[in-house]
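Asker: Sequence and computational prediction follow.
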Amino acid sequence: MIGVNTWVWVSPLTDETLARLAPRIADWGFDVVELPVEHPGDWDPERAAALLEGLGLGASVVLTMPPGRELVDAPPQVVRETQDYLRHCVDVATTVGAPAVSGPAYASVGRAWRMSPDERRAVYGELRENLKPVVAYAAERGVRIGVEPLNRYETSVVNTVEQALEALPEECGLALDTYHMNIEEKDPLQAVRLAGTRIAHLQVCGTDRGAPGSDHFDWTGFAAAVRDANYGGPLVIESFTADNKTIATAASVWRPLAPSQDALATEGLAFLRTLDLTTRPSP
């Protein structure tokens with residue numbers, strides 16, 4: 001399955017923009033639409049579910065962590081409010097039929113600080129404790145939480161798969177993004193294999209945030225690693241429009257990454273369809 005995040009075109013998502021985008025996404029041949037929950041109430045999950053069902057599209061849900069959403073090194077009230085937001089994302093996923101809620105569920109994007117080994121262990125312990133009730137809430141509803149490592153310029157908490165496996169409760173999944181892995185992992189393909197069955201979601205894009213396939217990433221090797229990990233969920237193209245000042249600044253998109261945003265999506269889809277992503281039965 002191949003999907004695309006609506007951030008390729010708009011931020012924040014609204015009912016009106018989804019109604020405009022979803023039919024085009026279906027016509028191009030995507031299987032899944034990725035729906036960001038930036039602020040509860042931006043869009044109506046029930047309305048979205050009906051729209052996507054009518055178009056034969058699946059859904060994935062991503063969370064966002066702007067300033068003020070924190071699960072570590074933060075006042076208890078902030079942590080509780082963040083947990084409430086994450087539970088809301090789970091409720092949204094349940095409504096739209098998304099199997100996972102994914103994103104950097106630990107600290108606000110852009111927040112970074114130096115940690116000694118002992119301080120890092122303490123932060124990871126705090127993260128495990130604060131994630132557990134959210135993960136349990138999700139599991140009761142048949143939804144996985146996928147926590148995403150980000151690159152060093154966006155966080156100092158979780159940058160690699162190895163760190164994620166140390167930091168997260170065992171029942172929590174991982175969300176991997178080829179953009180961040182290309183920066184942080186010494187061997188992105190081995191990182192996918194290391195994550196293995198813990199992978200709850202995969203996002204893909206070119207190494208410059210453009211269309212996958214128009215870059216230097218080892219996509220054939222990546223597809224083999226995905227097969228080895230026995231991941232059966234969607235690969236979702238995540239990129240961002242330079243036309244929206246707020247999101248372009250947040251994602252450091254300073255120039256167009258394709259002739260058009262439509263081209264970024266459709267060219268990426270065409271390339272991803274050439275990859276062999278068929279999972280193999282266990283021997």
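Answerer: Everything's here; your move.
Asker: Tell me which helix or strand the nearest residue to residue 199 once chain neighbours are set aside sits in.
Answerer: With CB to CB, 6 or more residues apart in numbering as the criterion, residue 199 has its nearest non-adjacent residue at 4.9 Å, and that residue is residue 231. For every residue, glycine as well, the C-beta is placed using N, CA and C. Per DSSP states H and E, residue 231 falls between elements, in no helix or strand.
Asker: How about residue 193?
Answerer: Here residue 193 sits within helix 188-195, counting by DSSP H and E.
Asker: which other residues reach that helix?
Answerer: 160-162, 164-165, 174, 176, 178, 181-182, 185, 199, 217-218, 221-222, 224-226, 228-229 (CB atoms under 8 Å, 6 or more residues apart in numbering).
Asker: let's see 6 Å
Answerer: Applying CB atoms under 6 Å, 6 or more residues apart in numbering, the contact partners of helix 188-195 are 161, 174, 181, 185, 221, 225, 228, 229.
Asker: just stretch 71-89 next, same as before
Answerer: Residues outside stretch 71-89 that contact it (CB under 6 Å, 6+ apart): 37, 40, 63, 69-70, 101, 106-107, 123, 126-127, 130, 134, 137.
Asker: Now do stretch 107-119, average pLDDT.
Answerer: Predicted confidence along stretch 107-119 averages 96 (mean pLDDT).
Asker: mind checking the end-to-end distance for that stretch?
Answerer: 15 Å (CA to CA, to the nearest Å).
Asker: and that stretch, how far out from the chain's middle?
Answerer: Its chain's C-alpha centre and that of stretch 107-119 lie 20 Å apart, by CA atoms, centre = their mean, to the nearest Å.
Asker: buried set for it?
Answerer: Neighbour-count burial for stretch 107-119, with 16 or more other CB atoms under 10 Å as criterion, is recorded at 107, 108, 109, 111, 112.
Asker: For the residue lying closest to residue 63 once chain neighbours are set aside, what are phi and psi?
Answerer: Once flanking residues are discounted, residue 63 sits nearest to residue 103: 3.8 Å by CB to CB, 6+ apart. Taking degrees, to the nearest 10, you get phi 150, psi -180 for the backbone angles of residue 103.
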